[in-house]
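Trainee: Fold the stuff below for me.
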Amino acid sequence: MDLGLKGRTCVVTGASSGIGRETALQLCAEGANVVLVARGEERLTAVTEEAARTGGAATALPLDVTAEDAGRRMLAAAEQRFGALDVLVNNAGAAKWRDFDQVPDEDWRAQYELNVMAPLRAMKAAIPPMAERGWGRIVNVCSTAGKRPSAAMAEYSVAKAAELSLSRLFADRYAKTGVLVNAVAPGPVEAEMWMEPGGLLDQSMAISGAGSREEALAEAGSKRPIGRLAQPEEIAATIVFLCSERASYVAGAAWSVDGGTVQVII
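Mentor: Residues are numbered from 1 along each chain as shown. Have a look, this model is predicted:
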């Protein structure tokens with residue numbers, strides 16, 4: 001299936017690992033031009049080089065997306081390198097497992113900055129020129145925790161719920177201009193955020209009392225109707241579709257990509 005992304009210019013945040021990495025790779029494989037954004041320059045450079053070998057063009061932009069000028073800098077990088085920006089994927093994120101009462105005020109604020117203010121600034125910078133041209137795609141990578149709050153990730157859940165609301169507001173505002181804004185809500189993904197030492201898998205072990213990482217991973221997977229955690233490329237495939245010409249009548253959606261975890265019909 002031709003997704004109509006050849007020659008389109010895309011910005012992907014949190015692109016150095018996990019869902020962001022896979023999204024950048026798949027967009028490049030469709031012939032898109034991709035600006036990969038993340039804080040860690042060494043890893044970002046490696047992923048950018050990998051993406052460029054898949055068929056599209058890729059460039060790295062080391063950047064903290066919570067900086068007040070991050071949205072403008074991402075737009076400028078896309079325009080300077082490729083001429084225009086057509087697609088924005090707000091994917092950067094981070095989470096911790098811990099008891100609700102252990103979350104300090106600064107972490108509540110940090111999650112709001114990362115999951116609400118950063119996407120807000122990015123969309124405010126990116127959307128006006130898209131609207132002028134009559135075509136654009138925004139995908140905000142949210143979480144099942146935004147639909148059904150997790151007591152083990154309280155501040156993350158609240159921020160992701162706010163991001164879902166933010167996505168809907170922008171979708172309603174800009175759909176008639178040809179700029180389609182959507183969100184995806186993944187469940188746990190077998191990627192760096194979960195799997196790296198000290199990540200969510202190890203944190204879940206400390207709370208659940210699981211005897212090994214394998215046991216903890218199996219337990220986490222068993223809670224999903226599909227029986228396992230997602231692979232990052234599975235989430236990325238949905239994101240890339242929403243970025244495409246084929247998603248021409250999808251606006252304001254919050255697609256669950258969670259193996260059936262959040263059992264709602266809306």
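
Trainee: so after the lengthiest helix in the chain, what's the next helix or strand?
Mentor: For the chain, the longest helix by residue count, based on DSSP state H, is helix 154-174. Sequence order places strand 179-186 as the next helix or strand after helix 154-174, per DSSP states H and E.

Trainee: what sits against E79?
Mentor: Neighbour list for E79: L85 [criterion: Cβ atoms under 8 Å, 6 or more residues apart in numbering]. (Each C-beta comes from the backbone N, C-alpha and C, glycine too.)

Trainee: go with 6 Å
Mentor: With contact set as Cβ atoms under 6 Å, 6 or more residues apart in numbering, E79 has no partners.

Trainee: do E233 as well
Mentor: The contact partners of E233, by Cβ under 6 Å, 6+ apart, come to E22.

Trainee: How about whatever helix or strand it lives in, which residues are buried there?
Mentor: Counting by DSSP H and E, the element that carries E233 is helix 232-242. Neighbour-count burial for helix 232-242 flags 232-236, 238-242 (criterion: 16 or more other Cβ atoms under 10 Å).

Trainee: ok so, going back, send me the longest helix of the chain as CSV with only the CA atoms.
Mentor: Below are the C-alpha coordinates for helix 154-174, written out as CSV (Å, rounded to 0.1, in the frame of the first residue of the first chain):
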residue,chain,number,x,y,z
ALA,A,154,0.1,8.9,38.8
GLU,A,155,1.8,12.0,37.5
TYR,A,156,2.3,10.4,34.1
SER,A,157,-1.3,9.3,33.9
VAL,A,158,-2.7,12.8,34.6
ALA,A,159,-0.3,14.4,32.1
LYS,A,160,-1.2,11.9,29.4
ALA,A,161,-4.9,12.5,30.0
ALA,A,162,-4.3,16.2,29.5
GLU,A,163,-2.4,15.4,26.3
LEU,A,164,-5.4,13.5,24.9
SER,A,165,-7.6,16.5,25.6
LEU,A,166,-5.0,18.8,24.0
SER,A,167,-5.0,16.7,20.9
ARG,A,168,-8.8,16.8,20.6
LEU,A,169,-8.8,20.6,21.0
PHE,A,170,-6.3,21.1,18.2
ALA,A,171,-8.1,18.5,16.0
ASP,A,172,-11.4,20.4,16.3
ARG,A,173,-9.7,23.7,15.6
TYR,A,174,-7.8,22.7,12.5
